[in-house]
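[1] Just a sequence and a predicted model for now, questions to come.
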Amino acid sequence: MAQPPILSWEGLGLQQGGRWLFGAPETGGLDLHIGARDRIALIGRNGAGKTTLFKLIDDRIEADRGLRKVKPGTRIVVLEQDPAVAGHATLMDWALSGEDAPAEYEIDAIAGQLGIDMTTATRGASGGERRRAAIARALAQDPDLLLLDEPTNHLDLAAIDWLEDYLDRYTGAFVVISHDRTFLKRLTRTTLWLDRGGLRRKEIGFGGYEAWEEQVYAEEARNADRLDAKLKLEAHWLERGVTARRKRNQGRLEKLHQMRAARASMVSGAGTAKLKLATETEFKSKAVITAEDISKSYDGRAIIKPFSLRIQRGDRIGIVGSNGAGKTTLLRMLTGELEPDTGSVEIAKTLTGVMIDQQRSLMAPDKTVREVLAEGGDWIDVRGVRKHVLAYLKDFLFDPKMVDTRVGILSGGERSRLLLAREFAKASNLLVLDEPTNDLDLETLDLLQEVISDYEGTVLLVSHDRDFLDRTVTLTLGLDGTGQVDVVAGGYEDWQRKRREPVAGRKSDAAAASKPAAKAPPPPKSDKLTYKDQRDYELLPARIEELESAIAKGEAILADPDLFSADPQKFANISQGIENARAEKDAAEERWLTLAERVEG
């Protein structure tokens, strides 16, 4: 660092709930230095203490140990996740409150660019309106150091683009906590990683974080191999799970690309008449939601112009657009909650849905984790399979010791993860997700990607998280605010690419989606496999079936409610055997997928 930092902490330590949240004395505490032009991503799991670290940087709470130094005259401003606007009549009244409030005209200048009316009453303000008002207030103060806590939550795509452009030109320093991978990759040059009570720093932007994380965990795993086996299991099951999950998701991304290619052939409108008719017959038989020429208007304004679409079993549909463009209106029409003005929506009678909304309204703060998941018992039915609640908690990255923790003391991200765990356990064949990524950390987003990929039903997803859409959806419905709905095979970037095309060159994808064409013929097979590769390609499918059978048998044994208390060692051995079989199955699937890609072209 060429110049002295504008803020530093040396030997920082903080206790919470009788334990050291970070910087325990035996570690020497945390050392943190922020330079005048730093662009820093602060990474860490939910509950690691990221928001608490912000409060220590801003001197809103006292540390138990350490020395804080700030360059004289440095103005520090925090953009909080949930600004406390209650008690003020309008958003402007709130923005002008406090000792360091900026001038009204300065707030108005930024609010106008963000598209927020600061005369809006706080009582009825939406999450997006409160967030935009908070951004206007924070930026108008012209800080030297800006602390951004999940700045893109509740923002639409236009507002996110505006904020990215502003921060790219910003001359001060900022530290950002965010789950938005695209936002972090575009803006950050340094990464701080808060992990298990320690703080690591590397002079790389978030784009290099995952490779760095893998290197750290690999080194720890090598060191752990020399430790007691039980200690290794206790200390590293989550870290190794993160790495394994990321590798599995790479395989899932390949499958997603194959699904998109198949969907693109249905949207393209190309193909012979005979094959086209055969494909359409097959397509209709698999349809779970059929929308024909549906439209919706309010007060003479077209929210959704006439639009047709058939949604198949297994489709992952992403709905994107700016606030007010009609995303919720379209979603409600497709799910039968709202009647269209014209046209019709036919929904399969066998469709049973689960809705996970952005309000997290179903989580009672006085209930325990056990009560939320298993109604106070030890077992939970996970889509028809009986599973011990402690094992299920580990699947969703919880420490099993948290089973009797009350929901009210969980972090926002932990509550969101618990809601996902509960809702994904329900038997359903339609999953409706409204802004599911708010308040989730990066590891939980990887987990959510995995669960969606493995879900056997149909998914309808409303999100502003560009990277998450690119990782999960097969078809994107893009709304530009004019009432037009673009139907694009692929994710957010595919939609953006289409929007950049000359208008005259675009095809009528919405019309083509209702009359899909035949799939393109497969490319000729290649015989460039080694003997071992060919053997693996031929034999792995049978091995995968064997492993699936072994996993099912093990889970059936664990379904015995008396096994855990009668023979805990047997329970542990079978659980470990299932875990090993799953790991081998995942590796076998990835190996076979790689070989299949070579065989197919």
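    Looks like it came in fine.
[2] can you list the domains in the chain?
    Domains of the chain are assigned by automatic domain parsing as 7-220, 258-352+428-514, 365-427, 523-601.
[3] Output those domains in CSV; the columns should cover mean pLDDT and distance to Arg252.
    Using the backbone N, CA and C atoms, a C-beta is placed for each residue, glycine as well. Shown next, in CSV, are the domains of the chain (pLDDT from 0 to 100; distance: least, C-beta to C-beta, whole Å):
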stretch, mean pLDDT, distance to Arg252
domain 7-220, 92, 16
domain 258-352+428-514, 80, 4
domain 365-427, 87, 16
domain 523-601, 74, 10
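[4] nearest to Gly251, of these?
    Closest approach to Gly251 among the domains of the chain (C-beta to C-beta): domain 523-601, 4.4 Å.
[5] mind checking how far the closest one is from the chain centre?
    27 Å (C-alpha atoms, centre = their mean, to the nearest Å).
[6] what do you get for stretch 384-396?
    Counting by C-alpha atoms, centre = their mean, stretch 384-396 comes out at 21 Å from the chain centroid.
[7] Give me the contacts around it.
    237, 369-370, 373-374, 377-382, 399-400, 402-403, 417-418, 420-421, 425, 427, 444, 447, 555, 558-559, 561, 564, 571, 575 (C-beta atoms under 8 Å, 6 or more residues apart in numbering).
[8] can you check stretch 67-84 too?
    Stretch 67-84 is contacted from outside by 4-12, 51, 54, 56-59, 94, 100, 130-131, 133-135, 138, 141-151, 153, 412, 439, using C-beta under 8 Å, 6+ apart.
[9] Keep only those of those that are in helices.
    Among those, DSSP state H puts Thr51, Phe54, Leu56, Ile57, Trp94, Arg130, Arg131, Ala133, Ala134, Ile135, Ala138, Gly412 in helices.
[10] Near the third one, how many residues? Count them for me, please.
    Spelled out, it's Leu56. Burial measure for Leu56: 21 neighbouring residues, criterion other C-beta atoms under 10 Å.
[11] where does the nearest residue to it once chain neighbours are set aside fall, helix, sheet strand or coil?
    In space, Leu56 comes closest to Ala63 once its chain neighbours are excluded; the distance is 5.7 Å by C-beta to C-beta, 6 or more residues apart in numbering. With DSSP: H, G, I helix; E, B strand; the rest coil as the basis, Ala63 sits in coil.
[12] My understanding was that Ala63 contacts Gly13; is that so?
    Yes - counting by C-beta atoms under 8 Å, Ala63 does reach Gly13; the two are 6.4 Å apart.
[13] Could you identify the buried members of the contacts of stretch 67-84?
    The neighbour count (16 or more other C-beta atoms under 10 Å) marks 5-9, 12, 51, 54, 56-57, 94, 130-131, 133-135, 138, 141, 143-151, 153, 412, 439 as buried among the contacts of stretch 67-84.
[14] Just the ones of the contacts of stretch 384-396 in strands?
    Judged by DSSP state E, strands contain the following of the contacts of stretch 384-396: Trp379, Ile380, Asp381, Val382.
[15] Can you tell me which of the residues you listed comes closest to Gly205?
    Val382 (38.3 Å).
[16] Skip the chain neighbours and tell me the closest residue to that closest one.
    Distances taken as C-beta to C-beta, 6+ apart place Ala425 nearest to Val382, at 4.6 Å, with adjacent residues excluded.
[17] do Ala173 as well
    Excluding the flanking residues, the one nearest Ala173 by C-beta to C-beta, 6+ apart is Asp38, at 4.4 Å.
[18] shouldn't the one you found be in contact with Thr188?
    No - the pair Asp38 and Thr188 fails to qualify as a contact (C-beta under 8 Å) at a distance of 9.2 Å.
[19] Leu461: what's it in contact with?
    Taking C-beta under 8 Å, 6+ apart, one finds Arg316, Ile317, Gly318, Ile319, Leu433, Pro436, Ile452, Leu469, Thr472, Val473 in contact with Leu461.
[20] so who does the last one touch?
    Taking C-beta under 8 Å, 6+ apart as the definition of contact, the neighbours of Val473 are Arg316, Ile317, Gly318, Val459, Leu461, Gly490, Gly491.
[21] Tell me how far the residue nearest to Leu56 lies from Val78.
    Ala63 sits at a distance of 17 Å from Val78 (criterion: C-beta to C-beta, to the nearest Å).
[22] same thing with Pro568?
    Taking C-beta to C-beta, one finds Pro568 at 47 Å from Val78.
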